[in-house]
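1. Quick one: sequence and predicted model below, then my questions.
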Amino acid sequence: MKCEWVQQNILLYVYNELADDARYELEQHVARCAGCAAEVKAVQDFHSSLSQFPVQEPAPNLVVASRMRLQEALETTEQGGLWQRFIFDPAAWFHQVRFSPALAAVLFIAGFAGGIGTAYKVVSGNGNLVPVAGTSVSRPAESSVTGIRSISQEPGSSQINIKYDTVSTQEAQGSLNDQRIQQLLLFAARNNYNSGVRMDSVDLLTQNPNNDQVREALIYALRYDSNPGVRLKSLDALGGFVKADVRVRDSVLEALVNDSNPGVRTEALHLLEPVRVDSSVRAVLQKLAASDQNQYIRTESRAMLVEIPEID
């Protein structure tokens with residue numbers, strides 16, 4: 001084992017993230033190498049010093065926003081070819097297999113799946129894969145969908161076409177009531193890096209806001225989507241549930257207080273008018289009327305407070 005590998009994995013060792021066999025190899029090397037032993041000791045001391053401070057949990061909004069930015073970065077970064085990634089550094093690749101039982105298991109499963117693949121045959125002339133008698137083809141699971149490429153609805157009909165990516169771009173067709181279409185729309189509303197696709201997805205989901213999953217997706221879009229147009233469309237769809245659904249009311253209040261777009265805040269304020277007597281809504285209106293930087297928001301908040309009947 002080389003010192004370079006040890007130094008690259010010291011942090012994993014200190015945080016107990018190394019596999020048992022790799023951990024043993026590292027400890028055996030450190031016992032013989034004074035330089036690596038000193039490096040491990042320094043990292044352990046630094047870790048002990050950090051452990052004395054209390055751990056602060058990140059805010060939920062920060063976690064979600066960070067995940068969205070990470071996904072956008074991953075999906076927009078140019079990747080090398082699949083063949084290139086496998087053969088670029090075979091020595092390092094097999095070295096990783098040696099110290100990763102989970103990866104070895106994946107290789108075994110991949111080999112097993114390759115054997116299943118022999119149950120398919122290529123139809124001469126068109127190159128399409130069809131199953132041999134006795135086998136079936138299952139639709140890809142949502143976990144295998146890497147992104148939604150486009151969404152369109154045929155004019156004058158309920159037929160929806162969705163192109164989505166797994167290893168390669170695929171396409172699904174069906175009505176808005178089709179469970180598969182609904183799942184892809186929900187996926188697009190939450191995960192797609194293309195704001196136009198998110199807008200199309202939310203636009204179609206607003207046709208069925210009574211569905212609990214759809215309403216959750218709309219609330220998520222209102223709270224976390226980076227595009228104000230998507231947030232505004234979600235807000236409009238949720239407006240009819242401000243009275244009956246506390247989750248919707250809270251998300252609209254959150255948009256009124258925290259959203260960076262004046263148009264979204266203004267629409268949220270108007271949607272809250274029917275529930276202005278609610279104690280939480282009244283408290284927010286009083287705060288906005290007193291000190292909000294937006295003059296229109298201040299004025300409208302004061303007007304709504306004046307219309308609230310006095311409680312004896």
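-> Great, that's in hand.

2. Quick one: the strands in this protein, in order.
-> Per DSSP state E, the chain carries strands over the ranges 120-122, 129-131, 147-153, 159-165, 169-175.

3. can you redo those strands as a markdown table with mean neighbour count and mean pLDDT?
-> For every residue, glycine as well, the C-beta is placed using N, CA and C. Compiled in a markdown table, the strands of the chain are given as follows (neighbours: other Cβ atoms under 10 Å; pLDDT from 0 to 100):
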| stretch | mean neighbour count | mean pLDDT |
| --- | --- | --- |
| strand 120-122 | 11 | 42 |
| strand 129-131 | 11 | 42 |
| strand 147-153 | 18 | 82 |
| strand 159-165 | 18 | 84 |
| strand 169-175 | 13 | 78 |
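
4. nearest to His47, of those?
-> Among the strands of the chain, strand 147-153 comes nearest to His47, with 37.8 Å by Cβ to Cβ.

5. what angle separates that closest one from strand 159-165?
-> 170 degrees (axes from the mean of the first three to the mean of the last three Cα atoms, to 10 degrees).

6. Just name whatever secondary elements strand 147-153 is in contact with.
-> If you count contacts as 3 or more Cβ pairs under 8 Å, 6 or more residues apart in numbering; DSSP states H and E, strand 147-153 packs onto strand 159-165, helix 179-191, helix 195-205.

7. Buried residues in the last one, which are they?
-> Applying a neighbour-count criterion of 16 or more other Cβ atoms under 10 Å, one finds 197-205 buried in helix 195-205.

8. and which of these is nearest Gln159?
-> Out of the buried residues of helix 195-205, the member with the shortest distance to Gln159 (by Cβ to Cβ) is Leu204, at 11.7 Å.

9. which residue sits closest to the closest one, ignoring its sequence neighbours?
-> Distances taken as Cβ to Cβ, 6 or more residues apart in numbering place Leu185 nearest to Leu204, at 5.7 Å, with adjacent residues excluded.

10. got a list of what the one you found touches?
-> 151, 162, 201, 204-205 (Cβ atoms under 8 Å, 6 or more residues apart in numbering).
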